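Novice: Attaching a predicted model along with its sequence, questions to come.
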Amino acid sequence: MTITEFLTPWEFSPAIVVFVIGLGSFYYLGMRATERADKTAKYYWQATAFYIGLTSIYVVSHTYLDYLSQYMFWVHRFQHLVLHHLAPLLMILGGVEIIRKSLPTWLRNWSELPAIIRLPFEWPYKVIQHPVIAPIVFVGLIYLWLIPEIHFAAMLSQKLYYLMNWSMLIDGLLFWWLILGPDWKGEGKGFSVRIIMMLVVVVPQQLLGAYLTLSSSVIYDVYDVCGRAWPISPMADQIYGGIVTWIPASMMSVLGLILVLRRRLNFQKREQNERT
């Protein structure tokens, strides 16, 4: 297979194209609006991380890899690893706040808009981003789409398949924004809550990955019904998928925990410098 054939969309999705090009364009405009003095080495690393994350979303959602994810369980788990963990984390680390510099004035001054416009958006956002609810939704979506009956239906329905992938991507962006986004009010308490959230999401992912890897029977027979893209045994496919769910996903959560701890140490150093 040539690179052109690999990058050709298996099923063209206008939503993916608009999302990737639109977000990438807004980020670029935000970069242009950034003052030259602020363009340090960190700034360029952030831009690189953002575009790698954005590109990876396109690769797993709009190339031949998307086809493979519908006919191989382990590729499907890799796709969700990127959509739910890797890509959102890289994009948030890339400084999504840069996009704000290219937004219309009315969006940048969101708090000044009438309550009748703001509240219908703010209330659902505050609920899903609550420190108790956010980790439950983050892990819950992984479990939900891996319930055998739901997974079977999602892999046979284009609408459900798109809903599954978009829900994982949007939730990933929201969760990592909550963990690694702008500083919370009252940083001391904020850091503690973030650390607890990261610890909460690690164990359920490990348990699920271990269950899929060590199970003695085939759980997802939809890939037998549709046929697998490569000649691989159902158990091997499931074991590889379980390992992707178990180890890399857990490592991403541990990485998030390390980043929060590092940020806390930097904050404490700044506080000590201000006191002296």
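Specialist: That came in fine, so what should we check first?

Novice: Can you list the low-confidence ranges for the stretch 151-276 of the chain?
Specialist: 182-189, 276 (pLDDT under 70).

Novice: Now do the helices in it.
Specialist: For the stretch 151-276 of the chain, the helices defined by DSSP state H, counting those that start in this stretch occupy 158-180, 187-214, 222-226, 234-275.

Novice: Deepest-packed of the ones you listed, please.
Specialist: Of all the helices of the stretch 151-276 of the chain, helix 158-180 carries the top mean neighbour count, a mean of 19, counting by mean count of other C-beta atoms under 10 Å. From N, CA and C alone the C-beta is placed, and that goes for glycine too.

Novice: Under the pLDDT cut-off, which ranges of the stretch 1-150 of the chain? List them.
Specialist: Looking at the stretch 1-150 of the chain by pLDDT under 70, you get 37.

Novice: how about the helices in it?
Specialist: Using DSSP H, counting those that start in this stretch, helices in the stretch 1-150 of the chain cover 3-7, 14-33, 41-62, 64-71, 73-81, 87-93, 97-100, 105-108, 115-128, 133-145, 148-156.

Novice: can you tell which of those helices is closest to Val254?
Specialist: helix 87-93 (11.8 Å; C-beta to C-beta).

Novice: May I see the buried residues of stretch 88-103?
Specialist: 88-96, 98-99, 101-102 (16 or more other C-beta atoms under 10 Å).

Novice: ok so, going back, can you lay out the helices of the stretch 1-150 of the chain as JSON lines showing distance to Ile170?
Specialist: Formatted as JSON lines, the helices of the stretch 1-150 of the chain follow (distance: least, C-beta to C-beta, whole Å):
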{"stretch": "helix 3-7", "distance to Ile170": "24"}
{"stretch": "helix 14-33", "distance to Ile170": "10"}
{"stretch": "helix 41-62", "distance to Ile170": "11"}
{"stretch": "helix 64-71", "distance to Ile170": "17"}
{"stretch": "helix 73-81", "distance to Ile170": "13"}
{"stretch": "helix 87-93", "distance to Ile170": "9"}
{"stretch": "helix 97-100", "distance to Ile170": "16"}
{"stretch": "helix 105-108", "distance to Ile170": "18"}
{"stretch": "helix 115-128", "distance to Ile170": "10"}
{"stretch": "helix 133-145", "distance to Ile170": "10"}
{"stretch": "helix 148-156", "distance to Ile170": "16"}
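
Novice: sorry, back to before: using a markdown table, please lay out the helices of the stretch 151-276 of the chain together with distance to Pro14.
Specialist: Shown next, in a markdown table, are those (distance: least, C-beta to C-beta, whole Å):
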| stretch | distance to Pro14 |
| --- | --- |
| helix 158-180 | 11 |
| helix 187-214 | 32 |
| helix 222-226 | 25 |
| helix 234-275 | 29 |
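
Novice: Between the ones you listed, which one is closest to Asp66.
Specialist: Nearest of the helices of the stretch 151-276 of the chain (C-beta to C-beta): helix 158-180, 8.7 Å.

Novice: Okay, angle between the closest one and helix 133-145 too, please.
Specialist: For helix 158-180 against helix 133-145, the angle by axes from the mean of the first three to the mean of the last three C-alpha atoms, to 10 degrees is 150 degrees.

Novice: I'd say Leu65 and Ile57 touch.
Specialist: No: taking contacts as C-beta atoms under 8 Å, Leu65 lies outside contact range of Ile57: 11.2 Å.

Novice: okay, the two: which has more neighbours?
Specialist: Ile57 (24 against 19; other C-beta atoms under 10 Å).

Novice: Check whether that one really touches Val82, as I assumed.
Specialist: Yes: contact criterion C-beta under 8 Å: Ile57 and Val82 qualify, at 7.1 Å.

Novice: pretty sure Gln79 is in contact with Leu65, am I right?
Specialist: Yes: counting by C-beta under 8 Å, Gln79 does reach Leu65; the two are 7.0 Å apart.
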